[in-house]
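Visitor: Turn this into a structure:
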Amino acid sequence: MIDGGSATASAQGASVGTEDKRGKLAWALYECARNPFYVLINIYVFSAYFANHVIADPVQGQAIWGYILSTAAVFVALSAPVLGTIADAGGRRKPFLAACIAVAVPASALLALARPGMGTGAWLIAAALVVANICYELSSIFYNALLAQVSVPSRFGSVSGLAYALANAAGILLFGTYMFADYAIASGEGNFLVERMTPVVVAGWWLVFSLPILFRVPDASASGAPLGAVISQGLGRLRTAVVRLRTVPDVGRYLIARMVFNEGFIVLMMFMGVVGAGVLGWTGVQLSAMGLILSVVAVGGSMLGGFLDDRLGSKASLKISIVGCIFANLLLVTIGPDTVLFVPTDPHVTGGLFPRAADKAFFVAEGLAAFFVTSGLVSSRTMLAKLAPRDAMNELFGIYALSGTATSFMGPLSIAVLTQVFASQRAGLCAGLVFLGGGLYLLQRVRGGRSTTVQGT
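Guide: Numbers count the residues shown, from 1 in each chain. Reported below is the predicted structural model:
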């Protein structure tokens, strides 16, 4: 998703971006570089391995995983707005991006040290996960801002689409590689060799496919101002943007609603691997197979989101997506090894990759989640574009980006606390219902339409 930071710098680099096809590809490849960390480490493979085998207690593992993600998110929420505005004021973004990559790659590779039942040694792995997640999130600020160096605003959508297409292709390729390696190399050994080597592959992939953006994409010109002046100017821009938000209260109401329902989206997507492995005992191969199929399902969700947005409007489309996510979340909390919708099922059925009724129901629930979360993300962005006054679009998209990080710790933290208090992974998932329902309620208070000017200016 392209956030507001990329639009604010559109004046710079527009002339470069007009004909810089190689620059566009180099920029797009960075999404391809970092995406495997998100899908293989945070969602499907390593998260399940960490929670269920490194910690060796699925309930405690899910709680610790939630605390890891929430710790990283708190740091990002506190630092992202400041770093982003300082980078805008100083001009250059690539040094910040290079620093994120230089820290994230070795932190990711360090995860290969994770061993089953590590005990207190798992805190080193947890620390590496926090650091890698922080760098992953912060790098997106400077990455998005560099889009303006290779493309004109009218082409932002197509270049962004290329980036996500390459990212999905990378995910599919690496999912397939994981499944083949598990079958051909480590089948039956029970030493989790493929899970432990996955972070090394992810780190190497991140490094190699980051090189094009570092060496091929031009940076914005440095302002030449002293560091103190750059920091002061950046913080001044942030204050100005927040003050500007007060003049468009409907946008403010929408951004608050988005902060709430977006946490529900995070709950549904970020814990699917941990829950699948912990509640149903799914293997990495089963989770990877689901990841492959859900990558295709997500494409359908994005198409539906665009279609409904055009036909029904952004608010109606977004409400449909949130209701779909609520239904998926409700289904998830009713699934256990021997229950679906709290109705007993046979837990001993064998044959096929997903033999039990619970396996199939979990697959369906996560498929619905992937479909409607993706659809919701499409309408979430266009909703702001329709609400925001044209003469404040860049500033308000900057606040939109901030709203995506300011409370991103709440979803993982809520899951961690509920899981620990009730000693149940399914109880932890109830946090998603609270966020989705609250976001839907707050969205009702948002009016549609677009102003033509900012009130009071």
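Visitor: Show me where the stretch 201-350 of the chain has its strands.
Guide: 339-340, 343-344 (DSSP state E, counting those that start in this stretch).
Visitor: Now mean neighbour count too, for the ones you listed, in CSV please.
Guide: All C-beta spots, glycine's among them, are computed from the backbone N, C-alpha and C. Output for the strands of the stretch 201-350 of the chain, formatted as CSV (neighbours: other CB atoms under 10 Å):
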stretch, mean neighbour count
strand 339-340, 18
strand 343-344, 10
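Visitor: Including distance to V364 and mean pLDDT, could the ones you listed go into a markdown table?
Guide: Listed next are the strands of the stretch 201-350 of the chain as a markdown table, based on distance: least, CB to CB, whole Å; pLDDT from 0 to 100:
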| stretch | distance to V364 | mean pLDDT |
| --- | --- | --- |
| strand 339-340 | 10 | 94 |
| strand 343-344 | 15 | 94 |
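Visitor: want to throw the ones you listed into JSON lines with distance to I326?
Guide: Compiled in JSON lines, these are given as follows (distance: least, CB to CB, whole Å):
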{"stretch": "strand 339-340", "distance to I326": "18"}
{"stretch": "strand 343-344", "distance to I326": "20"}
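Visitor: nearest to L174, of the ones you listed?
Guide: With respect to L174, and counting by CB to CB, the nearest of those is strand 339-340 at 30.9 Å.
Visitor: which helices and strands sit right next to that closest one?
Guide: Counting contacts by 3 or more CB pairs under 8 Å, 6 or more residues apart in numbering; DSSP states H and E, strand 339-340 packs against helix 357-387.
Visitor: which ones are touching A257?
Guide: 439, 442-443, 445-446 (CB atoms under 8 Å, 6 or more residues apart in numbering).
Visitor: Please repeat the previous calculation with a cut-off of 10 Å.
Guide: 318, 322, 380, 383, 403, 438-446 (CB atoms under 10 Å, 6 or more residues apart in numbering).
Visitor: Whichever of those end up buried, select them in ChimeraX.
Guide: Command for ChimeraX that selects the buried part of the contacts of A257, burial taken from 16 or more other CB atoms under 10 Å:
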select :318,322,380,383,403,438,439,440,442,443,446
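Visitor: Quick one: mean pLDDT over stretch 180-190.
Guide: For stretch 180-190, the mean per-residue pLDDT is 70.
Visitor: same thing with stretch 261-273?
Guide: On average, stretch 261-273 scores 88.
Visitor: try stretch 211-219
Guide: 91.
Visitor: Relative to the whole chain's centre, how far out is it?
Guide: 23 Å (CA atoms, centre = their mean, to the nearest Å).
Visitor: Check stretch 21-31 too.
Guide: With CA atoms, centre = their mean, you get 20 Å for stretch 21-31.
Visitor: What are the buried residues along it?
Guide: So, applying 16+ other CB under 10 Å, buried residues of stretch 21-31: 23-31.
Visitor: for stretch 342-358, same thing?
Guide: Result for stretch 342-358 [16+ other CB under 10 Å]: buried residues 345, 354, 356-358.
Visitor: Determine which two of those are furthest apart.
Guide: T345 and F354 (13.0 Å).
Visitor: can you list residues touching both of these two?
Guide: 360-361.
Visitor: coming back round to it: and of the strands of the stretch 201-350 of the chain, who's closest to W282?
Guide: strand 339-340 (15.3 Å).
Visitor: Switch the buried residues of stretch 342-358 over to CSV; also include distance to V364 and pLDDT.
Guide: As requested, the buried residues of stretch 342-358 are exported to CSV (distance: CB to CB, whole Å; pLDDT from 0 to 100):
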residue, distance to V364, pLDDT
T345, 14, 93
F354, 10, 92
R356, 13, 94
A357, 10, 94
A358, 11, 94
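Visitor: Any chance of JSON lines for these, columns distance to L110?
Guide: Putting these into JSON lines (distance: CB to CB, whole Å) gives the following:
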{"residue": "T345", "distance to L110": "41"}
{"residue": "F354", "distance to L110": "33"}
{"residue": "R356", "distance to L110": "36"}
{"residue": "A357", "distance to L110": "40"}
{"residue": "A358", "distance to L110": "35"}
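Visitor: quick one: which of the residues you listed is nearest to I185?
Guide: Nearest member of these to I185, counting by CB to CB, is F354, at 23.2 Å.
Visitor: Check for me that the closest one belongs to a helix.
Guide: No: counting by DSSP: H, G, I helix; E, B strand; the rest coil, F354 is not part of a helix but coil.
Visitor: From V285, how far out is it?
Guide: Here F354 is placed at a distance of 11 Å from V285 (CB to CB, to the nearest Å).
Visitor: Check I41 too.
Guide: 17 Å.
Visitor: Compare these two (neighbour count), which wins?
Guide: Counted by other CB atoms under 10 Å, I41 and V285 do not tie: I41 has more neighbours, with 24 against 19.
Visitor: list the contacts for that one?
Guide: 47, 49-50, 108, 111, 129, 132-133, 136, 198-199, 202-203, 273.
Visitor: how about those in JSON lines, adding distance to F422, neighbour count and secondary structure?
Guide: Formatted as JSON lines, those follow (distance: CB to CB, whole Å; neighbours: other CB atoms under 10 Å; DSSP: H, G, I helix; E, B strand; the rest coil):
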{"residue": "S47", "distance to F422": "20", "neighbour count": "27", "secondary structure": "helix"}
{"residue": "Y49", "distance to F422": "24", "neighbour count": "28", "secondary structure": "helix"}
{"residue": "F50", "distance to F422": "21", "neighbour count": "26", "secondary structure": "helix"}
{"residue": "S108", "distance to F422": "32", "neighbour count": "31", "secondary structure": "helix"}
{"residue": "L111", "distance to F422": "29", "neighbour count": "25", "secondary structure": "helix"}
{"residue": "L129", "distance to F422": "24", "neighbour count": "28", "secondary structure": "helix"}
{"residue": "A132", "distance to F422": "29", "neighbour count": "28", "secondary structure": "helix"}
{"residue": "N133", "distance to F422": "25", "neighbour count": "24", "secondary structure": "helix"}
{"residue": "Y136", "distance to F422": "30", "neighbour count": "23", "secondary structure": "helix"}
{"residue": "T198", "distance to F422": "31", "neighbour count": "27", "secondary structure": "helix"}
{"residue": "P199", "distance to F422": "31", "neighbour count": "27", "secondary structure": "helix"}
{"residue": "V202", "distance to F422": "33", "neighbour count": "29", "secondary structure": "helix"}
{"residue": "A203", "distance to F422": "36", "neighbour count": "23", "secondary structure": "helix"}
{"residue": "G273", "distance to F422": "21", "neighbour count": "31", "secondary structure": "helix"}
